[in-house]
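A.B. asks: With the sequence up front, the predicted model follows.
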Amino acid sequence: MSLLAWCQWLEHSAPALAISESIWLFPFIEGSHILALPVSVGMIMLFDLRLLGLAFRGGAASSIVDEILRWSKFGFTVMFITGGLLFMSQAGKAYGNSFFRAKLIFLLMLGINAAVYQAVFYPKMAQWDSAGRAPFGARLCAALSLIVWIAVIVCGRTMAYQL
Amino acid sequence: MMAQLQALLQWTSESAPILFVRDSKYGMPAVQSFHLIGITVFLATIFVLALRLAGVGMMDWSLPSLQRQLRPWATAALTLVLLSGFLIFLGTPSKYLASNPFRFKMAVLGLAILFQFGVVRRVVRAETGSRLARRHLAVAGISLTLWFLVGWAGRAIAFVP
């Protein structure tokens, strides 16, 4: 089965139809997807700003990183579940949507970026934490994260105009 | 007075920049994206402050210093949200004025702003210790409820007349 055929099959599966045909289910899922943004992406953006030295200057980065990651995990869980359900209910249309494709590529980039940060810079945070300024690589990760998350939001909002 | 206000609104909403935003292919998605980026950052600052108020997160920071750190970003993000929101409104003012969720949203927005600058700010400044914990929890809960209600009402504009 081709990817397109699979997307079309998914869109016409019983749970997908239940979402798209319900007058309150789709708005509820979409609203949850959008209002989980601050608790997931927004938290990450605040942490990125700290790494760039633009917020929380008064304290060590490690004093906020664990908190931020803990709460953002909750947000990202809501994000992925609701996002998956929204995709399911419109899979066939989303397949051909260039903004949706771009969004997926950006999300993949963000995943790699976060993995690099986690593997390379996170373990050594205690060393550069009190120095005040994060290493160049960590700041690069933060800048990338900020820019690409903004691109994800733009793609997500714009794709809805074309479904 | 009301009639003049409506005429001014009508006149503004038919001006070239507003028509450009409303009718060009990517005008409205772009402004809506700015609105959403602002909401993401602004509500994140509200959420972080509420965590600290409720005593469940950011406990390494004192309330006043945390608020000082968040304030420039909260102000910038809220400004972006209000400006982009006003642009969206001016695209089709009559549609929004007739929308029940929109009216509800504006009412709750007013309350949320009053609560944030009246109550939350005062409580944050007056931090003195654990004695106030229960009141802090209530303030955090009300702040979060009001601001996220504004968001839900905004989403409802697209679905409810």
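C.D. replies: Arrived safely. It should be emphasised that the depicted structure is a prediction, and the values quoted were computed from it without experimental measurement.
A.B. asks: Can you tell me the SS state at the residue of chain B found nearest chain A?
C.D. replies: As assessed by Cβ to the nearest Cβ, chain A sits closest to residue B:44 within chain B, at 2.7 Å. For glycine as for every other residue, the C-beta is placed from the backbone atoms N, C-alpha and C. Three-state assignment for residue B:44 (DSSP: H, G, I helix; E, B strand; the rest coil): helix.
A.B. asks: Find the residue closest to it in space, skipping its chain neighbours.
C.D. replies: residue A:42 (2.7 Å; Cβ to Cβ, 6 or more residues apart in numbering or on different chains).
A.B. asks: Residues of chain B that sit close to chain A?
C.D. replies: Within chain B, the residues that sit near chain A (Cβ under 8 Å from any Cβ of the partner chain) are B:26, B:28-30, B:32-33, B:36-37, B:39-48, B:51, B:57-58, B:60-61, B:65, B:68-70, B:72-73, B:148, B:151-152, B:155-156, B:158-159.
A.B. asks: Take those and, keeping just the buried ones, write it as a ChimeraX select command.
C.D. replies: Listed next is the ChimeraX selection for buried residues among these, using 16 or more other Cβ atoms under 10 Å in any protein chain shown:
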select /B:28,29,30,32,33,36,37,39,40,41,42,43,44,45,46,47,48,51,57,58,61,69,70,73,148,151,152,155,156
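A.B. asks: returning to what we had before: these two touch, right, the residue of chain B closest to chain A and residue A:36?
C.D. replies: No: judged on Cβ atoms under 8 Å, residue B:44 makes no contact with residue A:36 at a distance of 11.2 Å.
A.B. asks: and the residue nearest to residue B:44, what does it touch?
C.D. replies: Under the criterion of Cβ atoms under 8 Å, 6 or more residues apart in numbering or on different chains, the neighbours of residue A:42 are B:40, B:41, B:43, B:44, B:45, B:47.
A.B. asks: Could you do residue A:67 as well?
C.D. replies: B:51, B:57, B:58.
A.B. asks: Could you count how many residues lie near residue A:1?
C.D. replies: Residue A:1 has 8 neighbours, counted by other Cβ atoms under 10 Å in any protein chain shown.
A.B. asks: My error: substitute residue B:79 in the last question.
C.D. replies: The burial count for residue B:79: 12, using other Cβ under 10 Å.
A.B. asks: worst-scoring helix or strand of chain A, pLDDT-wise?
C.D. replies: Within chain A, no helix or strand scores below helix A:125-129, which has a mean of 78 by mean pLDDT, DSSP states H and E.
A.B. asks: Which element is encountered next along the chain beyond that one?
C.D. replies: helix A:136-159 (DSSP states H and E).
A.B. asks: Show residues contacting the host helix or strand of residue B:148.
C.D. replies: When elements are assigned from DSSP H and E, residue B:148 belongs to helix B:133-156. For helix B:133-156, the surrounding residues in contact (Cβ under 8 Å, 6+ apart) are A:27, A:30-31, A:34-35, B:39, B:43, B:46-47, B:49-51, B:53-55, B:101-102, B:104-105, B:108-109, B:111-112, B:115-116, B:119-120, B:123.
A.B. asks: Make a PyMOL selection of whichever of these turn out to be buried.
C.D. replies: Listed next is the PyMOL selection for buried residues among the contacts of helix B:133-156, using 16+ other Cβ under 10 Å:
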select buried, (chain A and resi 27+30+31+34+35) or (chain B and resi 39+43+46+47+49+50+51+53+54+101+102+104+105+108+109+112+115+116+120+123)
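A.B. asks: So which of the contacts of helix B:133-156 are in helices?
C.D. replies: Counting by DSSP state H, the part of these found in helices is A:27, A:30-31, A:34-35, B:39, B:43, B:46-47, B:49-51, B:53-54, B:101-102, B:104-105, B:108-109, B:111-112, B:115, B:123.
A.B. asks: separation between the one residue sitting closest to the centre of chain A and residue A:145?
C.D. replies: Ranked by distance to the mean C-alpha position of chain A (Cα atoms, centre = their mean), the top residue is residue A:41 at 5.6 Å. The gap separating residue A:41 from residue A:145 is 10 Å, by Cβ to Cβ, to the nearest Å.
A.B. asks: For stretch B:19-26, output the C-alpha coordinates as CSV.
C.D. replies: Provided in CSV are the C-alpha atoms of stretch B:19-26 (Å, rounded to 0.1, in the frame of the first residue of the first chain):
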residue,chain,number,x,y,z
LEU,B,19,-7.6,44.7,3.1
PHE,B,20,-4.1,43.5,2.1
VAL,B,21,-3.8,41.3,5.3
ARG,B,22,-7.4,40.0,4.9
ASP,B,23,-7.4,39.2,1.2
SER,B,24,-3.9,38.2,0.3
LYS,B,25,-3.2,34.5,0.3
TYR,B,26,-0.8,34.4,3.2
